[in-house]
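Student: Give me coordinates for this.
(one chain, ligands or ions: 2)
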Amino acid sequence: MIVITERCVGCAICMLVCPAEAIRVEGKAEVNIEKCESCKKCLIYCPINAVSWVE
Ligand code: SF4
Ligand code: SF4
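Tutor: Numbers count the residues shown, from 1 in each chain. Ligands and ions are numbered 1, 2, ... in the order given. As a prediction, the model looks like this:
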């Protein structure tokens, strides 16, 4: 499961690369887990490693 950590600075890159439109950003990013397809693009593209994958 994708988890956005407290480090997030709200740059919205993850929202732009998410193919499922599962991320919205209001100050910080939030993931709609029901929409998430577990592609991990948000994790790969986050410039400050604020996204984690938790089994
Ligand atoms: S790319 Fe990283 S820092 Fe930017 S909004 Fe997403 S989680 Fe936050
Ligand atoms: S893992 Fe993929 S589908 Fe899920 S929030 Fe990240 S970019 Fe979107």
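Student: From here on, just use CA atoms for contacts and neighbour counts.
Tutor: Fine.
Student: residues in contact with Ile23?
Tutor: Cys14, Met15, Ala29, Glu30, Val31, Asn32 (CA atoms under 8 Å, 6 or more residues apart in numbering).
Student: If we use 6 Å, what do you get?
Tutor: Met15, Glu30, Val31 (CA atoms under 6 Å, 6 or more residues apart in numbering).
Student: okay, now the last one: neighbour count?
Tutor: It refers to Val31. Using other CA atoms under 10 Å, the number of residues around Val31 comes to 19.
Student: do the second one as well
Tutor: Number of residues near Glu30 (other CA under 10 Å) recorded here: 19.
Student: is it true that it touches Ala22?
Tutor: No: look at Glu30 against Ala22 with CA atoms under 6 Å: they stay out of range, at 8.3 Å.
Student: Could you list everything Ile23 pairs with in the sheet?
Tutor: Val31 (DSSP bridges).
Student: For it, give me the pLDDT.
Tutor: At Ile23, the pLDDT value in this model is 98.
Student: what about it, distance to ligand 2?
Tutor: Taking CA to the nearest ligand atom, to the nearest Å as the measure, Ile23 and ligand 2 are separated by 6 Å.
Student: got the residues of this protein near ligand 1?
Tutor: By CA under 6 Å from any ligand atom, the part of the chain that sits against ligand 1 consists of 4, 8-14, 28-29, 46, 48, 50-51.
Student: 8 Å - rerun?
Tutor: Within the chain, the residues that sit near ligand 1 (CA under 8 Å from any ligand atom) are 4-5, 7-15, 25, 28-29, 42-43, 45-51.
Student: circling back to that earlier point, what is the nearest of the contacts of Ile23 to Ser38?
Tutor: Val31 (10.9 Å; CA to CA).
Student: Relative to ligand 2, which of the contacts of Ile23 is nearest.
Tutor: Nearest to ligand 2 among the contacts of Ile23, counting by CA to the nearest ligand atom, is Val31 at 5.6 Å.
Student: Turn the contacts of Ile23 into CSV, including pLDDT and distance to Ser38.
Tutor: Shown next, in CSV, are the contacts of Ile23 (pLDDT from 0 to 100; distance: CA to CA, whole Å):
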residue, pLDDT, distance to Ser38
Met15, 98, 14
Glu30, 98, 14
Val31, 98, 11
